[in-house]
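Colleague: Next comes the sequence, and after it the predicted model I'd like to discuss.
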Amino acid sequence: MSNASEKSLSQFVNKKLLNLFTALKLEQDFLSTDPDSWKAREDFKTAKQTVDAARVVSECTEYTVKLATDYNMALTHDEEQLQLIFQVTEYHRCHSSTAEEKICLSL
């Protein structure tokens, strides 16, 4: 297995990453500059903050689905009940006033 430091940036940047940047409406200009300069660039800081927030949302979603599925399986094996649990969870999430939830909803 080769060391990551031996690879060029182009080996990490692919069409899927560029599609993600486009979907999230993130600037991509910093990708063509020296990676050592990225931390000082506003476009990099914005992209990093957005991607970090998306990762948190993804993890929260995964935990919610797992919890709801486990809860449903402990009580019943009814798909209708599982969907109801998801609806109640989504309703609660949308009506929460915490800052983290507002970040989640803004993505």
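Modeller: Perfect, thanks for sending it. Residues are numbered from 1 along each chain as shown.

Colleague: okay, and the helix or strand of the protein with the least pLDDT?
Modeller: helix 99-106 (a mean of 51; mean pLDDT, DSSP states H and E).

Colleague: In the protein, what residue spans correspond to helices?
Modeller: 15-23, 42-75, 79-94, 99-106 (DSSP state H).

Colleague: Worst mean pLDDT among the ones you listed?
Modeller: Mean pLDDT is lowest for helix 99-106 among the helices of the chain, at a mean of 51.

Colleague: Quick check, pLDDT for S37.
Modeller: On the pLDDT scale, S37 gets 91.

Colleague: From A54, how far off is the closest residue to it other than its chain neighbours?
Modeller: Sequence neighbours aside, F30 is the residue nearest to S37 in space, at 7.9 Å (criterion: Cβ to Cβ, 6 or more residues apart in numbering). Yep, even glycine has a C-beta here, placed from its N, CA and C like the rest. Shown here: F30 relative to A54, a distance of 18 Å by Cβ to Cβ, to the nearest Å.

Colleague: Who has more neighbours out of those two?
Modeller: Neighbour comparison, F30 and A54: the larger count goes to F30, with 21 against 15 (by other Cβ atoms under 10 Å).

Colleague: unless I'm mixing things up, the more buried one is touching A47, no?
Modeller: Yes - contact status for F30 versus A47: in contact at 7.3 Å, counting by Cβ atoms under 8 Å.

Colleague: who's in contact with L24?
Modeller: Shown in contact with L24 (Cβ atoms under 8 Å, 6 or more residues apart in numbering): A47, T50, V51, A54, L107.
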